[in-house]
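Q: What follows is a predicted structure for the sequence shown.
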Amino acid sequence: MCYRSIAPVLEAKACGFPAGAVPEVVGDAATCGGRWPGRRLRSDMLTRLDELHVANCLGELGASGGGVFLGGPRHASVGSIQRGTLGHFARPRLSGTYVSSAGSGVHGSLWSSSMEVFLTTAYDTPYSELPRLLALSSSDRFGVHRITDSPSKAQIILFADARADLDDWRFSRLRMSPLLRQYREKSFIYCQADQPWCAQSGLYTSMPRGSFNLARQRACAYISTPNQYILPPMSGNPRPLLFSFVGRGGGAVRERISSLRHTRGHIERTDEWDFFASDSAKHGEMKRRFAEVLATTKFAICPRGAGTSSFRLFEAMAAGCVPVILSDDWVPPEGPRWEDFSLTLPESKAALIPEVVEHYESRFNLMAHASRRAWQEWFAPDVLFHRMIESCTEILRSRRIPERIAGWMPDRRYFRLKARAVKARLITCR
C-alpha cells in the first residue's frame, strides 16, 4: 500500500504538537481512483489514517483548542476555494479539510470520519425520495456513515424531498417542519427540482450556476428513476453509432439537436412519451429502447432539460458512453475529473456536435473507460449515499453564516420563481 505524506507534516514543532501527534498519511491510489487527491482530503480518506495517530492528533488539538489543515497549504483559511476550469464551467474545490475538536453543540462533534444520519421527509407524497434514499443507504459499500432513528443524536438530518408538492414551490412545508426548525443547523435537503431555489442548505441537481452558493449547496446526481436495462459495457461490443440522442424536444438546444444529420448519427424524438408516467404501457419499452441505443453509441448527447441537469448524463456514464454536455448553467458535481471523459459545448453550438465528436473519436476507448469508472466511483447506487453525506459534511465544515440566518434570506431565484407563479396564476384566472 502506497501512501502520500503530508509535507512537511505541517511543521509539528511550529504548531506545538509532538511529531507523532500529526497523522502522516492521506490515502492511497486505490481509494483515490488511481490518482492522488492533492491538497484536498475527503473524510472517506480519513478512514485510511492510522487510528492511533488520529487519536493523538485530536487529543492534542482538544488540549490546545486549535485546528490544523490536512493536505492543505499552511496559509489557507477555513473553507477557502480553488477554482479550476471545465470547458466553460467553473469547478469549485475546497483547498483543505479542517479538523477540530474544540467547541460544543453541532460543530463540536462533526470532525470524525463517521457521521450519524437521520433520513426523513416533510412531504408524504409520491415526490418524496425517502424510500430510494433508504435503499441507497442499505447498499452503501463504504459503510462509513450510519443511519440512526434518533434526530437528536444524528449529526446530519437529510430531507429527501426531491420536488416537493407542485403547488408548494416555496417549500413551505419543509421550512415550517418542526424537525427542521429544531435542528436547522444540521439539516439538509436533497432537491432534484428543475427550477429550485435554496430553501435549505443541501444537495441540488439543477441549481443554475448564477444562483449556486458553495457555502450552502453542493451539486448532486439524481438518485431516482434508474434504468434497469442499462448494462455495463462489454469488451469488444461494437458501437456503430458515432453519436445519438433519444428524448423529447422542448427548448432551443433540443430543437438544434433534432436538426442534426450524420451517416453514423441517430436522433429519435419521443415527444409522445411521458418520462414520469411509470405506469404507462410504453414506459418499460421506451427505457429498454433508450438502453439499446446507448449500448451501440460512442458519444451520447446530453442536453439540459427543463432544469440544468439531465438523467441521461449519468445513464450515459453508466453505459460507458462519452457524454456530450450542452447546458450553459449546469454545475458539475464535485469529485470526477469531468474533462477526462466528457465533452462540453455551449448550447448555441449544438450544430458543431458531428465535427467535434469526429475529432475525438480516436480517443473514445480511453474516454469511455474513464466515464464508466467515474460513474462507478462517484454515482453508482453502492457509492452515492456515501458521496451525498460527504458533501453535506463539507458544507457543515466550511459554514461561516449560521443556517438560521442564511436560510431566511431569499435569493434571486426565489423572487424569479415567485414572479413566474404569479404569472401562471393570472393566466389560469383568465
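A: Nice, thanks for sending it over.

Q: Contact partners for the closest residue to F311 other than its chain neighbours?
A: Using CB to CB, 6 or more residues apart in numbering and skipping residues adjacent in sequence, the residue nearest F311 is Y222, 5.5 Å away. All C-beta atoms are positioned from the backbone trio N, CA, C, and that covers glycine. In this structure, Y222 makes contact with Q192, T205, S309, F311, F314, judged by CB atoms under 8 Å, 6 or more residues apart in numbering.

Q: what do you get for F379?
A: Applying CB under 8 Å, 6+ apart, we find F379 in contact with A221, F314, M317, A318, P333, R387.

Q: go with 10 Å
A: Counting by CB atoms under 10 Å, 6 or more residues apart in numbering, F379 touches 220-223, 313-315, 317-318, 333, 335-336, 387.

Q: swap in R304?
A: Counting by CB under 10 Å, 6+ apart, R304 touches 194, 206, 208, 251, 253-254, 310, 313, 325-330, 347.

Q: 6 Å instead?
A: Contact partners of R304, counting by CB atoms under 6 Å, 6 or more residues apart in numbering, are S327.

Q: follow-up on the earlier one: the residue nearest to F311: what secondary structure?
A: Here Y222 is recorded as coil under DSSP: H, G, I helix; E, B strand; the rest coil.

Q: Going forward, count from 19.
A: Got it, first residue is 19 now, which makes that one Y240.

Q: List phi and psi for it.
A: For Y240, the backbone dihedrals (degrees, to the nearest 10) come out as phi -80, psi 140.

Q: ok, back up a step: nearest to P196, out of the contacts of Y240: which one, please.
A: P196 has its nearest neighbour among the contacts of Y240 in Q210, at 24.4 Å by CB to CB.

Q: Can you point out the buried residues in stretch 248-262?
A: Going by neighbour count (16 or more other CB atoms under 10 Å), the buried part of stretch 248-262 is I248, P251, R257, L259, L260, F261, S262.

Q: again, but for stretch 217-234
A: Judged by neighbour count using 16+ other CB under 10 Å, the buried positions of stretch 217-234 are 217-227, 229-230, 232, 234.

Q: swap in stretch 134-153?
A: Quick answer for stretch 134-153 (16+ other CB under 10 Å): 134-141, 145-148, 150-151.

Q: need the strands for the stretch 319-448 of the chain, in chain order.
A: For the stretch 319-448 of the chain, applying DSSP state E, counting those that start in this stretch gives strands covering 340-344, 361-362.

Q: I248 touches E310, doesn't it?
A: No: the criterion here is CB atoms under 6 Å, and I248 misses it with E310 at 9.7 Å.
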